[in-house]
Every structure is written in C-alpha cells, then in structure tokens.
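# Sequence and predicted structure below; questions after.
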Amino acid sequence: MFRSTAYRHSSEYPILFVTLLLTLGVVLLTAMLTQCLSLLLILLMFAFTIWSTNAMQKTLMAKAFLVHPQTDPRLASIVETCHKRLKPGPLRVYIVRQQMVNAYTFGLSDPKSVVVCEPMLRVMSPGELSFVIGHEMGHVALGHTWLNTLVGGLAGSPSPYGIGYLVYLIFQWYSRACELSCDRAGLLACGNLNQAISALVRLSAPNAKTAQEFDTALARVDAEDDTLVGQLQESFQSHPLIIKRINALKAYAVSPEYRQLQQAMDRNLAA
Ligand SMILES: [Zn+2]
C-alpha cells in the first residue's frame with residue numbers, strides 16, 4: 001500500500017511556522033500584560049473549540065445521510081475510488097440537505113467527517129465530484145482538520161492593538177496554502193485536469209448549465225485577478241482566487257512529481 005502526502009504545497013509548512021510564531025508571540029505578550037489571565041482564557045477557548053466541534057459533529061450525524069453503496073451507489077463508488085487512490089485514513093462521507101454547492105471536512109478524532117451538500121450531486125459530473133471529494137480527503141490526509149481547529153482557535157485568541165487581526169490574516173494565508181495542497185489531492189483523485197478545472201468553476205457558478213453559461217463563468221473567473229481590488233480581497237479570504245487555483249493546478253499537472261504520484265495512485269487503485 002502506497003500512502004503519500006507528497007502533494008502538500010511547498011508553502012504550507014513555512015506559512016504554518018510563521019503563523020505559529022506570531023500567535024505564540026501574541027500569546028506571550030497578552031500573558032505578560034494580563035498577569036497570565038489570558039492563558040486561562042486561551043485554555044478555555046481551546047476547550048470550547050473542541051466541545052463545539054464535537055457538538056457540530058453530533059448535530060450533523062442527526063440530520064445527515066451516511067453515503068452507503070445501497071442508498072447512493074454512484075457517490076459510494078466515487079468515494080471508494082478516491083479513498084483507494086489517496087489512502088487518507090479513516091473517514092465517513094455524509095450528504096446534507098443544505099442549499100449550497102459546497103463540501104467541507106471536520107473532526108478532531110477518527111473517523112473524520114467529509115460533508116457533501118446535496119445540490120452538488122445534481123450539478124457535478126462524476127469526474128468533478130471525484131475532484132471535490134479528493135480535495136476534502138486531502139484535508140484529512142494532511143491533518144488540516146485538527147490543525148485548522150487548533151491553530152484557528154489560537155488565531156482567534158484575544159490580543160491587543162489589532163495584532164489579533166494580523167494573526168487572523170496570517171491564518172487565512174495559511175488556510176489558502178492548505179487549499180492549494182488539497183486541490184492537488186483532488187486532481188490526483190480524479191486524474192483529469194479538465195474535470196478539476198470545471199469543478200472549480202462550477203463551485204463559483206453552480207447554475208451554469210449550458211456550454212455558453214459555463215464559458216461566461218470561466219471568463220468571469222479568469223478576470224478575478226485582473227484588478228488590484230480582486231487581488232486585495234483574496235488576503236481576507238480562506239480560499240485563493242479560483243483563477244489562481246486553476247493556474248496552480250495547471251502547473252502541477254505537468255510536473256514530474258504529479259506524474260509519479262499519479263502512477264503510484266493508479267497502482268493503489270488496482271491493488
Ligand atoms: Zn478545502
């Protein structure tokens with residue numbers, strides 16, 4: 001069995017290091033200013049984060065449908081194929097009836113939860129769904145679910161003089177690097193660059209049904225980084241601009257690293 005996380009983007013760890021360093025600095029500064037009262041506050045916040053994540057998972061279990069070969073054979077087969085290719089570790093995939101075209105992952109302990117919103121099954125092709133599910137499995141394999149919970153909690157720690165906001169912005173920077181890593185996982189899962197790109201475009205334009213509507217959406221995505229405002233907006237967001245994600249995938253798809261991993265994952269599937 002070949003299990004690899006070599007698709008992790010090279011910027012992810014350096015940005016995580018800067019994020020942790022800065023948050024540690026803020027924690028120490030606030031601890032000094034508040035005679036360690038802030039440390040107690042941070043511990044309480046961590047406890048709350050863990051509790052709320054578990055509560056969210058329980059609420060989800062109550063209203064979500066576990067993907068099963070008998071109830072949803074098409075999706076179950078996609079999940080199985082992605083799981084065989086990426087080997088992300090223990091996870092369960094659920095469908096929820098939320099009216100948005102989105103998927104997300106969370107969980108501090110195994111099995112992690114991958115959640116697919118129901119409309120996504122109607123607007124996406126099997127190849128596009130493989131990309132999205134592979135992307136979410138990437139978050140599990142790379143440890144983002146627990147790291148985001150803990151680092152995100154830390155980044156939200158109370159701090160003076162607007163430094164807290166700076167930490168938040170750096171955390172968003174880290175989050176964007178994680179997204180680039182997981183887009184690679186998505187591409188490795190679906191094995192088709194065109195399907196990966198159309199999945200990304202469809203996330204921003206779920207109602208684009210005809211080829212003409214899709215081309216209009218692609219042109220809009222393509223123009224995202226043409227203005228300074230567009231570039232600046234990205235700094236406040238947890239996800240990179242879609243055009244940047246597409247360009248990063250195009251570059252990765254022609255790299256020798258991608259070809260090597262793709263072959264290894266083909267062997268995983270055949271095993
Ligand atoms: Zn993601």
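Great, that's in hand. Residues are numbered from 1 along each chain as shown.
# helices or strands next to the helix or strand hosting Thr53 in the packing?
Using DSSP states H and E, Thr53 falls within helix 37-63. Judged by 3 or more CB pairs under 8 Å, 6 or more residues apart in numbering; DSSP states H and E, helix 37-63 is in contact with helix 12-33, strand 91-96, strand 103-106, strand 112-117, helix 144-155. For glycine as for every other residue, the C-beta is placed from the backbone atoms N, C-alpha and C.
# want to throw these into TSV with mean neighbour count, mean pLDDT and distance to Asp225?
TSV is the format used below for the helices and strands packed on helix 37-63 (neighbours: other CB atoms under 10 Å; pLDDT from 0 to 100; distance: least, CB to CB, whole Å):
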stretch	mean neighbour count	mean pLDDT	distance to Asp225
helix 12-33	16	84	20
strand 91-96	19	92	32
strand 103-106	20	87	24
strand 112-117	23	90	27
helix 144-155	19	67	24
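# looking at the ones you listed, which is closest to Ala199?
Proximity to Ala199 (CB to CB) singles out strand 103-106 among the helices and strands packed on helix 37-63, at 10.2 Å.
# Show me what the closest one is in contact with.
With CB atoms under 8 Å, 6 or more residues apart in numbering as the test, strand 103-106 has contacts from 53, 56-57, 91, 112-117, 120, 132-133, 135-136, 139-140, 144-145, 149.
# picking up where we left off before, reformat the helices and strands packed on helix 37-63 as a markdown table; add distance to Val221.
Shown next, in a markdown table, are these (distance: least, CB to CB, whole Å):
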| stretch | distance to Val221 |
| --- | --- |
| helix 12-33 | 24 |
| strand 91-96 | 26 |
| strand 103-106 | 19 |
| strand 112-117 | 20 |
| helix 144-155 | 24 |
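# Residues of the stretch 151-271 of the chain that sit close to the ion?
Glu179, Cys182 (CB under 5 Å from the ion).
# Can you list the low-confidence ranges for the stretch 151-271 of the chain?
Scanning the stretch 151-271 of the chain for pLDDT under 70 picks out 151-164.
# Please tell me the pLDDT value assigned to the residue lying farthest from the centre of the chain.
Ranked by distance from the centre of the chain (CA atoms, centre = their mean), the top residue is Gln35, with 37.4 Å. If you check Gln35, the pLDDT there is 74.
# To which secondary structure element type does it belong?
The three-state label given to Gln35 by DSSP: H, G, I helix; E, B strand; the rest coil is coil.
# Can you pull the phi/psi pair for it?
Backbone geometry at Gln35, expressed as degrees, to the nearest 10, gives phi 50, psi 50.
# list the contacts for Pro90?
So Pro90 contacts Asp110, Pro111, Lys112 (CB under 8 Å, 6+ apart).
# same thing but 7 Å
Asp110, Pro111 (CB atoms under 7 Å, 6 or more residues apart in numbering).
# Next one: Asp222 from the ion, what distance?
Distance of Asp222 to the ion, given as CB to the ion, to the nearest Å: 21 Å.
# Now that residue. Nearest residue, chain neighbours left out?
Ile243 (5.7 Å; CB to CB, 6 or more residues apart in numbering).
# give me the number of residues near the one you found?
As a burial measure, Ile243 scores 20 neighbours (other CB atoms under 10 Å).
# So it is in contact with Arg220, correct?
No - counting by CB atoms under 7 Å, Ile243 sits too far from Arg220 to count as a contact (9.5 Å).
# What sits closest to Tyr94 if chain neighbours are left out?
Leaving aside its chain neighbours, Tyr94 sits nearest to Ala64 (3.7 Å; criterion: CB to CB, 6+ apart).
# and the helix holding Thr53, which residues are buried?
Residues of helix 37-63 classed as buried by neighbour count (16 or more other CB atoms under 10 Å): Ser38, Ile42, Met45, Thr49, Ile50, Thr53, Gln57.
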